[in-house]
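Enquirer: Provide a 3D model corresponding to the input given below.
(2 chains)
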There are 2 protein chains.
Amino acid sequence: MSQFHELIEFIRAEVNKGLKQMSIPDEPGYLYDPIRYTLKGKGKRFRPILVHLAGRTNNVDPDALMNMALAVELLHNFTLVHDDIMDKDTIRHGQETVHSKWDHSSAILAGDGIYTLAQIVLNSLPDRANDVCRFFNKTTLDICEGQALDKDFENNYEITEDQYLEMIDKKTGSLLSASAALPAVYIGEKEPVVNKYEQFGRAMGKGFQIHDDLLEISADPETMGKSLGSDIAEGKQTMMVIKARNHFSKEWKELISDSANSELINNIHLFFVENGIEDETRSMARSYFTSAREALGELNGVNTDELFEFVNLVENRTY
Amino acid sequence: MSQFHELIEFIRAEVNKGLKQMSIPDEPGYLYDPIRYTLKGKGKRFRPILVHLAGRTNNVDPDALMNMALAVELLHNFTLVHDDIMDKDTIRHGQETVHSKWDHSSAILAGDGIYTLAQIVLNSLPDRANDVCRFFNKTTLDICEGQALDKDFENNYEITEDQYLEMIDKKTGSLLSASAALPAVYIGEKEPVVNKYEQFGRAMGKGFQIHDDLLEISADPETMGKSLGSDIAEGKQTMMVIKARNHFSKEWKELISDSANSELINNIHLFFVENGIEDETRSMARSYFTSAREALGELNGVNTDELFEFVNLVENRTY
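Expert: Numbers count the residues shown, from 1 in each chain, chains lettered A, B, ... in the order given. You can find the predicted model right below:
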């Protein structure tokens, strides 16, 4: 394992330890059992890892970084628990979703509780907690907007690539952006510097999500740990679906009309490959990762080696 | 109208104006339409009014008070939107509930957005925003715990009066407590003083909720603006139901067994009156309002006249 991979594993283990050590009461179990259950899910912890790596470029105090890292991971988990209700997803992070294992009420409340815990964690930052919170909460509103667009786009067969990009920018880009920028906010960096970290994170986020769309359709369900292809079956948009609809309207309509076909997901994947849609989407993801690297290149006077390695890691992930 | 009533009406109008003037974007409508709709509901605004009155005892800056008042009202509305999903309530503040007018996803997201707006409002406090936020977020966790207990108690026919009191203390008492105490936190009052405001608010909260239980069963649906008796029909606990079950077990079981009876709600009310349960519950509410007055009496060196009048107002409300 390379030194960088060891660092990533170390941070991931520390984040998991931090989540485990959070002082979450036992009672009432109706609230805290689903919260504890959610936090022990096998998340990849990309966002808190990004907080740590971004903070290391400025030698930010590791305890403060862990604080922001945990808040970001909690925020992420809060949105997942609520999104899973809305999207009727049954598997998340290798285990049954909260609303599926318990019920809707438990999942609504667990999400609310997790977001509240994120706030409480951030409130304990020793400095500039309020600046950090303000940034964090604007990010949450962005994510809510992104999820709203996502829901709004369902079953709308006229969504353009630009609209899709706006949606994933809010839903995914904003939190990766915040993960990269919060440490700079915490140490009181000037706006142009904070903006550069944000720009890096946003580009990463879009690359990450498009790459995720690609992985979801090509990976097998066990590796992905969530209901494969459920997005498309539910009428959700992905970059490939939009490209297929726009460039191969008739053929695409014919293909998905037979939704009872048990081979549908495989056929869709084949369609994407044969029509060059997979390649085109892959190169689109690549261009965002390139933008992320460009933004990093414009961060002067700090060592961004680890962030460059992180872009490679995310770009080449296979699950 | 007395001078005090004019003050209350003035504050209520200002709070409504403040909610209306919040810079809530137009798009995406999927997120913001239900939020705007929620905030124009005819809430009584007791909590933000309490923030203002409590702050006036210390001449706290009115702009800062409005800031905290709006945050408290937003927090309250966030919990209502989510609770209404969980409790399947269809009417709230004189209009259809969000999940009923739109759907579950819209309501989950609207609640999340409203809570985020509350945070953003608080983050703009000029001083001690972080102390105020910490207090505010611990309150939210209390409210989540209270709602969890409430859900957990559903259809549990062994809940005691003490368990019920613990639940309403968290679900209702904690936010009235925070409304009374936040202005003191904001100006940096010492803990014993903050605690006294909290103690006052908590007692008020329990009195308020028990009084609400009484009003719900005796008022007509249009005045109350929510589905009358739905709590009991859904197996929820109220102080009267617990007293009936504990002291008149056999008769109570017989009464509610015929749940298809269209007169059930009226019969339940009659049962409470005839068996002295209504009187006993009323005197219980009164004792909490008395405790609230006692706590006020122990606040030295500040003018608590308006808070005393507020207790009277809440205790004597008929809707």
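
Enquirer: quick check: chain neighbours aside, which residue is closest to residue A:107?
Expert: Spatial nearest neighbour of residue A:107, chain neighbours left out: residue A:99 (3.7 Å); criterion: C-beta to C-beta, 6 or more residues apart in numbering or on different chains. Backbone N, C-alpha and C define where each C-beta goes, glycine included.

Enquirer: mind listing what the one you found touches?
Expert: In this structure, residue A:99 makes contact with A:81, A:84-85, A:106-107, judged by C-beta atoms under 8 Å, 6 or more residues apart in numbering or on different chains.

Enquirer: gap between it and residue A:80?
Expert: 11 Å (C-beta to C-beta, to the nearest Å).

Enquirer: repeat that for residue A:313.
Expert: Distance from residue A:313 to residue A:80, by C-beta to C-beta: 21 Å.

Enquirer: ok, those two, which is more surrounded?
Expert: Shown here are residue A:313 and residue A:80; by other C-beta atoms under 10 Å in any protein chain shown, residue A:80 has more neighbours (22 against 14).

Enquirer: and the stretch 151-300 of chain A, which residues reach chain B?
Expert: A:151-152 (C-beta under 8 Å from any C-beta of the partner chain).

Enquirer: all strands of the stretch 1-150 of chain A, in order?
Expert: Counting by DSSP state E, counting those that start in this stretch, the segments of the stretch 1-150 of chain A that form strands are A:91-92, A:95-96.

Enquirer: partner strands of the last one, with direction?
Expert: To tie it back to what came earlier, the one meant is strand A:95-96. Sheet pairing of strand A:95-96 (DSSP bridges) gives strand A:91-92 (antiparallel).

Enquirer: go ahead and flag the most central residue of chain A.
Expert: residue A:172 (4.9 Å; C-alpha atoms, centre = their mean).

Enquirer: got any ranges where chain A has weak pLDDT?
Expert: A:220-231, A:233-236, A:259-261 (pLDDT under 70).

Enquirer: please report the distance of residue A:115 from chain B.
Expert: To chain B, residue A:115 is 7 Å away according to C-beta to the nearest C-beta, to the nearest Å.

Enquirer: surely that residue is in contact with residue B:115?
Expert: Yes: counting by C-beta atoms under 8 Å, residue B:115 is a contact partner of residue A:115 at 7.1 Å.

Enquirer: before we move on, the earlier item: looking at the contacts of residue A:99, which is nearest chain B?
Expert: residue A:85 (6.3 Å; C-beta to the nearest C-beta).

Enquirer: surely residue A:46 touches residue A:319?
Expert: No: counting by C-beta under 8 Å, residue A:319 is not a contact partner of residue A:46; they are 12.0 Å apart.

Enquirer: compare the two (neighbour count), which wins?
Expert: Neighbour count, other C-beta under 10 Å: between residue A:46 and residue A:319, residue A:46 has more, with 22 against 10.

Enquirer: show me what counts as buried in stretch A:75-95.
Expert: Residues of stretch A:75-95 classed as buried under the neighbour-count rule (16 or more other C-beta atoms under 10 Å in any protein chain shown) are A:75-87, A:89, A:91-93.

Enquirer: cool, and stretch A:306-319?
Expert: Within stretch A:306-319, judged by 16+ other C-beta under 10 Å, the buried ones are A:306-311, A:314-315.

Enquirer: what's around residue A:110, how many residues?
Expert: 29.

Enquirer: check the gap between it and residue A:121 for me.
Expert: Per C-beta to C-beta, residue A:110 is found 16 Å from residue A:121.

Enquirer: now do the contacts for the closest residue to chain B within the stretch 151-300 of chain A.
Expert: Ranked by C-beta to the nearest C-beta, the top residue of the stretch 151-300 of chain A for proximity to chain B is residue A:152, at 4.3 Å. Applying C-beta under 8 Å, 6+ apart, we find residue A:152 in contact with B:28-30.

Enquirer: filter these by proximity to chain A?
Expert: B:28-30.

Enquirer: just the buried residues of the residues you listed.
Expert: Judged by 16+ other C-beta under 10 Å, buried ones among the ones next to chain A among the contacts of residue A:152: B:28, B:30.

Enquirer: so the residue nearest to the centre of chain A sits right up against residue A:146, yeah?
Expert: Yes: with contacts counted by C-beta under 8 Å, residue A:172 reaches residue A:146, the gap being 7.2 Å.

Enquirer: in a strand, that's where residue A:317 is, yeah?
Expert: No: if the criterion is DSSP: H, G, I helix; E, B strand; the rest coil, then residue A:317 is coil and not within a strand.

Enquirer: which residues sit in contact with it?
Expert: By C-beta under 8 Å, 6+ apart, the contact set of residue A:317 is A:211, A:215.

Enquirer: what's the neighbour count on the single nearest residue of the stretch 101-250 of chain A relative to chain B?
Expert: Going by C-beta to the nearest C-beta, chain B is nearest to residue A:148 of the stretch 101-250 of chain A, at 3.6 Å. Per other C-beta under 10 Å, the neighbour tally for residue A:148 reads 27.

Enquirer: wait, is the residue nearest to the centre of chain A part of a helix?
Expert: Yes: membership of residue A:172 in a helix is supported by three-state DSSP.

Enquirer: ok, it - contacts?
Expert: With C-beta under 8 Å, 6+ apart, residue A:172 has these contacts: A:146, A:205-206, A:208-209, A:212.

Enquirer: what is the nearest of those residues to residue B:216?
Expert: residue A:146 (38.7 Å; C-beta to C-beta).

Enquirer: burial of that closest one, as a residue count?
Expert: 25.

Enquirer: helices along the stretch 201-319 of chain A, start to end?
Expert: A:221-224, A:230-233, A:239-247, A:249-257, A:264-274, A:277-297, A:305-315 (DSSP state H, counting those that start in this stretch).

Enquirer: report all helices and strands that the fifth one contacts.
Expert: This means helix A:264-274. Judged by 3 or more C-beta pairs under 8 Å, 6 or more residues apart in numbering or on different chains; DSSP states H and E, helix A:264-274 is in contact with helix A:191-218, helix A:230-233, helix A:239-247, helix A:249-257, helix A:277-297.

Enquirer: one step back: which residues does the residue of the stretch 101-250 of chain A closest to chain B contact?
Expert: Residues in contact with residue A:148 (C-beta under 8 Å, 6+ apart) are B:28, B:30-32, B:109.

Enquirer: what separation do you get for it and residue A:274?
Expert: Taking C-beta to C-beta, one finds residue A:148 at 34 Å from residue A:274.

Enquirer: what's the answer for residue A:215, then?
Expert: With C-beta to C-beta as the criterion, residue A:215 and residue A:274 are 19 Å apart.

Enquirer: how about residue A:132?
Expert: For residue A:132, the distance to residue A:274 - C-beta to C-beta - is 48 Å.

Enquirer: for residue A:101, same thing?
Expert: In terms of C-beta to C-beta, residue A:101 sits 39 Å off from residue A:274.

Enquirer: the more surrounded of those two?
Expert: residue A:101 (14 against 9).
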